[in-house]
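Participant: Below: sequence and its predicted model.
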Amino acid sequence: MGKRYLIFMKKAIYPGSFDPVTNGHLDIISRAAQLFDEVIVAVIRNPDKKTKFSLSKRKKMLKNCLLGLPNVKVNNFDGLLIDYARLREAKIIIRGLRAVSDFDYEFQMALTNRKMAPEIETIFLMTDYRYSYLSSSFVKQIARLGGDVSALVPGAVVKELRRI
Ligand code: ADP
């Protein structure tokens with residue numbers, strides 16, 4: 001890889017809790033992988049937010065599902081997302097949008113991040129209609145009640161959900 005290429009390489013970060021990863025997340029990641037040279041899926045380690053799966057489990061499930069996408073990496077971060085983006089020299093943050101209900105929060109976060117780091121751009125990818133209703137918390141709720149989640153999450157996640 002030449003130096004020139006490195007300079008122009010478009011690296012994007014896709015942050016989230018991924019507790020657990022769903023088919024909706026995977027759709028965003030595979031589309032992002034076609035748009036950017038490198039996509040870093042950045043799993044938030046948030047000690048204040050109680051997650052169902054540990055950080056290492058969440059990363060493991062993601063890695064399992066992303067083996068076919070060589071330009072996608074899975075990592076984790078704490079603290080401010082823009083600090084992590086700067087550390088990784090990424091100028092793009094990707095977020096997925098489902099319904100209008102996502103908008104307020106995403107709007108506030110994107111504008112706050114821009115205020116703090118004007119050199120970093122947030123790019124939104126619209127959900128595929130098949131996943132517009134899909135969220136990690138919805139999946140966890142169905143699994144808890146004994147429902148079938150195999151159409152909503154990848155196989156590796158179905159297995160993990162059965163264990164808990
Ligand atoms: P967070 O805790 O940051 O909301 P999530 O893991 O819930 O993390 O989501 C990460 C990102 O993926 C967010 O931008 C969210 O809007 C997006 N996302 C989640 N589910 C879907 C889906 N079904 N379709 C498209 N985007 C989604």
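Facilitator: Yep, it's here.
Participant: wait, does the top helix by length along the chain contact the ligand?
Facilitator: What stands out as the longest helix in the chain, according to DSSP state H, is helix 100-116. Yes. Counting by CB under 6 Å from any ligand atom, the ligand has neighbours in helix 100-116: Asp102. The way it works is simple: take the backbone N, C-alpha and C, and place the C-beta from them, glycine included.
Participant: Who are the contact partners of the closest residue to Leu66 other than its chain neighbours?
Facilitator: Of all residues not flanking Leu66 in the chain, Val72 sits nearest, at 5.0 Å (CB to CB, 6 or more residues apart in numbering). Val72 sits next to 29, 33, 38-41, 66 when contact means CB atoms under 8 Å, 6 or more residues apart in numbering.
Participant: Direction included, what does the helix or strand hosting Val41 pair against?
Facilitator: Using DSSP states H and E, the element containing Val41 is strand 38-44. Using DSSP bridges, the strands paired with strand 38-44 in its sheet are strand 11-16 (parallel), strand 72-77 (parallel).
Participant: which one of these is the most hemmed in?
Facilitator: Of all the strands paired with strand 38-44, strand 11-16 has the most neighbours on average by mean count of other CB atoms under 10 Å, namely a mean of 22.
Participant: Ile123 - that's part of a helix, no?
Facilitator: No. In this structure, Ile123 is strand, not part of a helix, as judged by DSSP: H, G, I helix; E, B strand; the rest coil.
Participant: Report the distance from stretch 35-50 to the chain centre.
Facilitator: Taking CA atoms, centre = their mean, to the nearest Å, the mean C-alpha location of stretch 35-50 is offset from the chain mean by 6 Å.
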